[in-house]
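J.: this one's sequence-less:
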Ligand SMILES: [Zn+2]
């Protein structure tokens, strides 16, 4: 059987470093997209354990549990996920999970998004009204200039805070080493960008 090359790549990453939240998340997501719901459950559960603030991981895990008829667990995970997403101002996953709960006939926790409008904790970098980091949901501290040229660099300037960008730099180095990526090749660059987009939650931006 021909293994999906994306899945093999993420499996390789998870084997190289089981503590890598992004590797676990990406593997689970790839399984889910391939319709392999059963297999998606373990890596997505690990992603949530490794980073309990990763709201999108709750959403995908809930979906995988639901599709494997583990409905009670699905409701439990998604209920926690709504609260996590709400606290961080991750509106898209929050609304998607609230929708899942109501479709399943489960109670939806009340949002208390106002709490999130506290002053930015990390205000290194610039502040522009209306800016909110796509990854951590904080309202300030974006970069002063594009980190690199091109549309993706532009998106990062518009959506990502300085702290999350620096965290990605550290994670990106791990990704390069663990997958042996060569950034001078189109394939290497594409894989790297794909991880960056997932890590910084820029997919829907
Ligand atoms: Zn951030």
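T.: Yes, it's here. Only a predicted model underlies this, so the values are computations on that prediction, with no experimental measurement involved.

J.: what parts of this structure come near the ion?
T.: 133, 135, 136, 161, 164 (Cβ under 5 Å from the ion). Quick note: C-beta positions are derived from backbone N, CA and C, even for glycine.

J.: now neighbour count, distance to residue 28 and secondary structure too, for the residues you listed, in TSV please.
T.: Formatted as TSV, the residues of the chain next to the ion follow (neighbours: other Cβ atoms under 10 Å; distance: Cβ to Cβ, whole Å; DSSP: H, G, I helix; E, B strand; the rest coil):
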residue	neighbour count	distance to residue 28	secondary structure
133	25	23	coil
135	23	18	coil
136	22	21	coil
161	29	25	strand
164	24	21	helix
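
J.: how's this protein carved up into domains?
T.: 1-116, 118-205 (automatic domain parsing).

J.: okay, these, which one's buried deepest?
T.: Ranked by mean neighbour count, the domains of the chain are led by domain 1-116 with a mean of 19 (mean count of other Cβ atoms under 10 Å).

J.: for it, what is the distance to the chain centroid?
T.: Distance, stretch centre to chain centre, for domain 1-116: 9 Å (Cα atoms, centre = their mean, to the nearest Å).

J.: any idea which of the domains of the chain has the lowest pLDDT on average?
T.: Lowest mean pLDDT within the domains of the chain: domain 118-205, a mean of 85.

J.: residues in contact with the nearest residue to residue 48 once chain neighbours are set aside?
T.: In this structure, residue 48 finds its nearest non-sequential neighbour in residue 57, 4.9 Å apart by Cβ to Cβ, 6 or more residues apart in numbering. Residues in contact with residue 57 (Cβ atoms under 8 Å, 6 or more residues apart in numbering) are 21, 25, 28, 44, 47, 48, 51.

J.: the first one against residue 50, yeah?
T.: Yes: here residue 21 reaches residue 50: they are 4.0 Å apart, a contact under Cβ atoms under 8 Å.

J.: hey, what's in contact with both of the two?
T.: Common neighbours of residue 21 and residue 50 (Cβ under 8 Å, 6+ apart) do not exist.

J.: which pair of the contacts of residue 57 spans the longest distance?
T.: Pairwise distances among the contacts of residue 57 were taken by Cβ to Cβ; the largest, 12.7 Å, belongs to 28 and 51.

J.: quick revisit: now do the residue nearest to residue 48 against the ion, distance only.
T.: Relative to the ion, residue 57 is positioned 17 Å away (Cβ to the ion, to the nearest Å).

J.: in terms of helices and strands, where is that residue?
T.: According to DSSP states H and E, residue 57 maps onto helix 55-67.

J.: would you mind identifying the next helix or strand past that helix?
T.: Heading C-terminal from helix 55-67 (DSSP H and E), you reach helix 71-88.

J.: relative orientation of that following helix and helix 55-67 in degrees?
T.: 160 degrees (axes from the mean of the first three to the mean of the last three Cα atoms, to 10 degrees).

J.: number the chain from 37, please
T.: Okay, residue one is now 37; in that scheme the one you just asked about reads as helix 107-124.

J.: which helices and strands does helix 107-124 pack with?
T.: helix 91-103, helix 127-139 (3 or more Cβ pairs under 8 Å, 6 or more residues apart in numbering; DSSP states H and E).
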